[in-house]
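Q: have a look; sequence and predicted model below, questions after that.
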Amino acid sequence: MEFFYIHFPVSGVTTWVFLPPLTAFIVSFFTSMGGVSGAFILLPFQMSVLHYTAPSVSGTNQLYNIVAIPAGVWRYIKEGRMVWPLTWAVILGTLPGVLIGAWVRLEYLPDPENFKFFVGLVLLYIGIKLLLDTVKNRKQKVPISKNKSSEKDVQFVISHTSFSLKQVAFRFSGEEYTFSVPGAFLLCFIVGIIGGIYGIGGGAIIAPFFIAFFHLPVHAVAGAALMGTFVTSIAGVIFYQLLATTYPGMSVAPDWYLGILFGIGGLCGMYLGARCQKYVPVYIIKLILCGSVLFVSCKYIYGFII
């Protein structure tokens, strides 16, 4: 069995070669349905299970996003479920936040226990809000047409999109949704800073915020959130790689081999998750997001207290 174990010099991790891709596959399959890459779950996994605690774990986690996300994004685009104005709001809002977060991570929080506690409280609030919203709307189902399957698929296509610098509106599943562009931009900027610090990508946890605060449909925001995470993760990995030269005594650059191994599993999991999403009821996806958010929240808060 030792033949299947591999050592990664950059991170110092020695593990069963199939463990990273298998874990990433399972996590990304479920979280990608809600527009979450799963990076914020894989980060505690790397730190607690693989004992990879150096600052470079943040860049490695973002590298996972780069490899894993394209398959899920392609599926959402192919099925016409990409809200492009929302996508650009996520990218433009989170990108500067991610770069600021990466700098803060290395300069002020190489051991970010205090900030983990803050993030845990934020995620706890979002998780509880999502849970209450899920319980309140328990009877909401995935809209299924009684007509042909092609007509059913039309319900999951974004249409009648209009946008300005103040507001974006679109139709999805027979209903019209709107959100404030300045509000979305500000929210993405703040979330981007958090994502940059922990290496989870700018849009990695934005989907629960859009659902909880802007009341946007989970089936419509998933693609935009994943695309935003993908773009900002590219910037994050490049930034961490460049910053490595200014912190010679610290492990800053991503572990490329480990990150790619995680990404391979995530690639398969995200594609299947995006493919299956429209067949899963809204409340199930929200419960998955609730469970994911509350899991990380409790772990961070518990780790700070103990």
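A: Alright, I've got the coordinates.
Q: what sits against the spatially closest residue to residue 222 that is not a sequence neighbour?
A: Closest residue in space to residue 222, ignoring its immediate chain neighbours: residue 35 at 3.3 Å, by Cβ to Cβ, 6 or more residues apart in numbering. To be clear about C-beta, it is placed using only N, CA and C from the backbone, and glycine gets the same treatment. For residue 35, the contacting residues are 203, 206, 207, 218, 221, 222, 223, 224, 225, 226, by Cβ atoms under 8 Å, 6 or more residues apart in numbering.
Q: tell me the contacts of the second one?
A: Shown in contact with residue 206 (Cβ under 8 Å, 6+ apart): 35, 90, 94, 187, 188, 191, 225, 228, 229.
Q: tell me which stretches of the stretch 151-300 of the chain form helices.
A: Ranges of helices within the stretch 151-300 of the chain are 181-198, 206-213, 218-243, 256-276, 282-305, based on DSSP state H, counting those that start in this stretch.
Q: one more: the stretch 1-150 of the chain?
A: 19-31, 39-48, 56-78, 84-107, 113-136, 149-154.
Q: what residue ranges in the stretch 101-250 of the chain score low on pLDDT?
A: Scanning the stretch 101-250 of the chain for pLDDT under 70 picks out 111-112, 137-156, 199, 201-204.
Q: how close does the residue nearest to residue 222 sit to residue 27?
A: Computed as Cβ to Cβ, to the nearest Å, the residue 35 to residue 27 distance reads 14 Å.
Q: next, give me the two most distant ones among the contacts of residue 35.
A: Of all pairs drawn from the contacts of residue 35, the one with the longest distance (Cβ to Cβ) is 203 and 218, at 14.2 Å.
Q: higher neighbour count, these two?
A: Between residue 203 and residue 218, counted using other Cβ atoms under 10 Å, residue 203 has the larger neighbour count: 36 against 24.
Q: right, and residue 169 touches residue 180 too?
A: No: shown here, residue 169 and residue 180 do not form a contact pair, counting by Cβ atoms under 8 Å, at 11.0 Å.
Q: what's the burial count for residue 70?
A: Summarising burial for residue 70: neighbours were counted as other Cβ under 10 Å, giving 17.
Q: ok, now which ones touch it?
A: Contact analysis of residue 70 by Cβ under 8 Å, 6+ apart lists 230, 267.
Q: please redo it, this time with the cut-off set to 6 Å
A: Neighbouring residues of residue 70 by Cβ atoms under 6 Å, 6 or more residues apart in numbering: there are none.
Q: how much space between it and residue 97?
A: Remark: distance between residue 70 and residue 97 (Cβ to Cβ) = 22 Å.
Q: same check on residue 183?
A: Taking Cβ to Cβ as the measure, residue 183 falls 15 Å from residue 97.
Q: and what of residue 124?
A: Counting by Cβ to Cβ, the gap from residue 124 to residue 97 is 21 Å.
Q: these two: which is more packed in?
A: Under the criterion of other Cβ under 10 Å, the comparison of residue 124 against residue 97 puts residue 97 first, with 21 against 17.
Q: so the more buried one versus residue 90, what's the distance?
A: Computed as Cβ to Cβ, the residue 97 to residue 90 distance reads 11 Å.
Q: what do you get for residue 71?
A: Remark: distance between residue 71 and residue 90 (Cβ to Cβ) = 19 Å.
Q: looking at the two, which has the bigger crowd around it?
A: residue 90 (32 against 21).
Q: right, and the more buried one touches residue 228 too?
A: Yes: contact between residue 90 and residue 228 holds when scored by Cβ atoms under 6 Å: they sit 3.1 Å apart.
Q: in contact with residue 4, which residues?
A: Neighbours of residue 4 in contact, by Cβ under 6 Å, 6+ apart: 16, 17.
Q: repeat for residue 159
A: Contact criterion Cβ under 6 Å, 6+ apart gives residue 171 as the residues in contact with residue 159.
Q: so what's it bridging to?
A: Partner residues in beta bridges with residue 159: residue 171, with DSSP bridges as the criterion.
Q: run a quick neighbour tally on residue 15.
A: Other residues within reach of residue 15 by the criterion other Cβ under 10 Å amount to 21.
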